[in-house]
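Novice: just the structure for this:
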Amino acid sequence: MALVKRFIRPAKGSFFLLGPRGTGKTLWMRETFPDALWINLLLPKSFRIYAAKPEQLAEEVDHEMRRRDGQPFTVIIDEVQRVPTLLDVVQATLGQFPAIRFVLSGSSARKLRRGGVNLLGGRAIVRHMHPFFAGELGENFSLEVAMRRGLLPVVWDAPDAMETLSAYVGGYLDEEVRQEALVRKLDAFLRFLEVAAFAHGTVPNRSAIARECGVSGNTVEAYLAILYELLIAFSVPSFGRVPKRRDLGDAKFYFCDAGLCRSLRPARIGLVDAPSQGFVLEGLVAQHLRAWCDYAPNGNRLYFWRGSGGAEVDFVLCGERNLWALEVKSAATIHPEHLRGLHAFCAAFPEARPILLYGGSHRLRRGNVDCIPVECFLRELHPDRPPVAGS
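Specialist: Residues are numbered from 1 along each chain as shown. Next up is the predicted model:
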């Protein structure tokens, strides 16, 4: 497949580029900054040099500055979380050479926080790299394929997607969980991953998960934190008129990619909860909306909504001037019960625009609700445009 042009844009100054492994960070950086000074900490030799002597970075930057006759340039440190002490040197170097741009990629927020991701004193912002957008793939996008194997770039082009997904999970477990000794019992964590796949798209029932895994509730909280910090899962908070303190106990849980979740989920019923095929579709929409919020310029935020009477809406997009409510249904036919959550939300928030994403093939309107085929919606979603035309 030809090189895919990504929607993400670089920051003007120094920035962190965070994202799960396999999302295409390295390829994007090479295409975007072809003349950069490159330091790849995945290479054993580079890791040994900078782990032993972080100040080597300052020496190399000084040498490169003289070689380029003082002209500004970009320095890329790939997988910077492997040597967090380099951030001290980066901060000092920015003080000496403020025109230099550092691009610091990472696939573990945990290591960066522990090493001091805020050491740059506000000089670097954070960008996130996500799995493919449907719109990035254009005509190569297939909803059926995306639901089966997800949209991680490392998987999308693989001859055997499921084998690649299995290797992808195994790599994370080996390099991030086992080697870093994040958990005492790896077998319990593996069981947790299977159970967590059934909590995809829900507010996790920590007690039920703990019973299924044979661990304590505190251990479940620690395991969830590991998934968030390794960037392979994310949370969607609940929506209210007045912003609430962020509470992960009241947030929906999603794996970063629908294919990843599907690969973790055993092909049997009976673990905690067993939602239908719709959980894959909802997760696919969730990862698109999350990426749209990150890439779009207007500071939109993603929520879900649960009303006092039990009505729910899968997703709420809240921006400075717009409010969208989106419900996802895999059914090809629209039934009145599919619209109840949207109607309840609009009764509470009359300014909202309600949207039903469904498995049919025709754009329809039911009262004030726009009903859009989910594949069309995903194909047309672009960070330079509102999620729905006419918004």
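Novice: output the below-cut-off pLDDT ranges for the stretch 151-300 of the chain.
Specialist: Counting by pLDDT under 70, the stretch 151-300 of the chain has low-confidence residues at 174, 176, 178-183, 241-249, 267-276.
Novice: what ranges does it have for its helices?
Specialist: Assigned by DSSP state H, counting those that start in this stretch, the helices in the stretch 151-300 of the chain fall at 153-156, 161-172, 186-197, 206-213, 217-229, 258-264, 278-295.
Novice: would you reformat these as a markdown table and include mean neighbour count?
Specialist: The C-beta positions use only the backbone N, C-alpha and C, and glycine is treated the same way. As requested, these are exported to a markdown table (neighbours: other C-beta atoms under 10 Å):
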| stretch | mean neighbour count |
| --- | --- |
| helix 153-156 | 22 |
| helix 161-172 | 17 |
| helix 186-197 | 18 |
| helix 206-213 | 18 |
| helix 217-229 | 18 |
| helix 258-264 | 25 |
| helix 278-295 | 22 |
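Novice: out of those helices, which is closest to E337?
Specialist: The closest of the helices of the stretch 151-300 of the chain to E337 is helix 278-295. By C-beta to C-beta, the value is 13.7 Å.
Novice: could you pull out the strands for the protein?
Specialist: Under the criterion DSSP state E, strands of the chain are mapped to 15-18, 37-40, 74-78, 101-106, 125-128, 233-236, 252-255, 301-306, 312-318, 323-328, 353-358, 364-366, 369-373.
Novice: what's the fifth one packed up against?
Specialist: Using 3 or more C-beta pairs under 8 Å, 6 or more residues apart in numbering; DSSP states H and E as the contact criterion, the elements in contact with strand 125-128 are strand 15-18, helix 278-295.
Novice: closest to L339 out of these?
Specialist: Judging the helices and strands packed on strand 125-128 by C-beta to C-beta, what sits closest to L339 is helix 278-295, at 15.9 Å.
Novice: now the closest one: how far from the chain's centre is it?
Specialist: 9 Å (C-alpha atoms, centre = their mean, to the nearest Å).
Novice: likewise stretch 350-360?
Specialist: Distance, centroid of stretch 350-360 to centroid of chain: 23 Å (C-alpha atoms, centre = their mean).
Novice: mind listing what V203 touches?
Specialist: G249, D250, A251, K252, F253 (C-beta atoms under 8 Å, 6 or more residues apart in numbering).
Novice: out of the residues you listed, which is most surrounded?
Specialist: K252 (24 neighbours; other C-beta atoms under 10 Å).
Novice: pipe the contacts of V203 into a markdown table and attach distance to G106 per row.
Specialist: Output for these, formatted as a markdown table (distance: C-beta to C-beta, whole Å):
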| residue | distance to G106 |
| --- | --- |
| G249 | 27 |
| D250 | 28 |
| A251 | 23 |
| K252 | 25 |
| F253 | 22 |
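Novice: that older thread, can you tell which of the strands of the chain is closest to R48?
Specialist: Per C-beta to C-beta, nearest to R48 of the strands of the chain: strand 37-40, 12.6 Å.
Novice: what strands line up against that closest one, and which way round?
Specialist: strand 74-78 (parallel) (DSSP bridges).
Novice: what does the partner strand rub up against?
Specialist: 25-26, 29, 33, 35-42, 57, 61, 64, 86, 90, 100-105.
Novice: now the buried members of these.
Specialist: By neighbour count, with 16 or more other C-beta atoms under 10 Å, the contacts of strand 74-78 hold 25-26, 29, 33, 36-39, 41, 57, 61, 86, 90, 100-105 as buried.
Novice: list the contacts of the residue of the chain most remote from its centre.
Specialist: Here the chain reaches farthest from its C-alpha mean at D69, the gap being 39.6 Å by C-alpha atoms, centre = their mean. Contact analysis of D69 by C-beta under 8 Å, 6+ apart lists nothing.
Novice: do Y50 as well
Specialist: I39, L41, Q56, L57, V83, L86.
Novice: using a markdown table, please lay out the residues you listed together with pLDDT and distance to V388.
Specialist: Below are these laid out as a markdown table (pLDDT from 0 to 100; distance: C-beta to C-beta, whole Å):
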| residue | pLDDT | distance to V388 |
| --- | --- | --- |
| I39 | 97 | 43 |
| L41 | 95 | 42 |
| Q56 | 96 | 51 |
| L57 | 96 | 46 |
| V83 | 92 | 44 |
| L86 | 92 | 43 |
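Novice: and those residues as JSON lines, adding distance to E212?
Specialist: As requested, the contacts of Y50 are exported to JSON lines (distance: C-beta to C-beta, whole Å):
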{"residue": "I39", "distance to E212": "43"}
{"residue": "L41", "distance to E212": "37"}
{"residue": "Q56", "distance to E212": "48"}
{"residue": "L57", "distance to E212": "46"}
{"residue": "V83", "distance to E212": "38"}
{"residue": "L86", "distance to E212": "41"}
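Novice: which of these fall in helices?
Specialist: Q56, L57, L86 (DSSP state H).
Novice: how about a markdown table for these, with distance to R9 added?
Specialist: Converted to a markdown table, the ones in helices among the contacts of Y50 look like this (distance: C-beta to C-beta, whole Å):
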| residue | distance to R9 |
| --- | --- |
| Q56 | 31 |
| L57 | 26 |
| L86 | 25 |
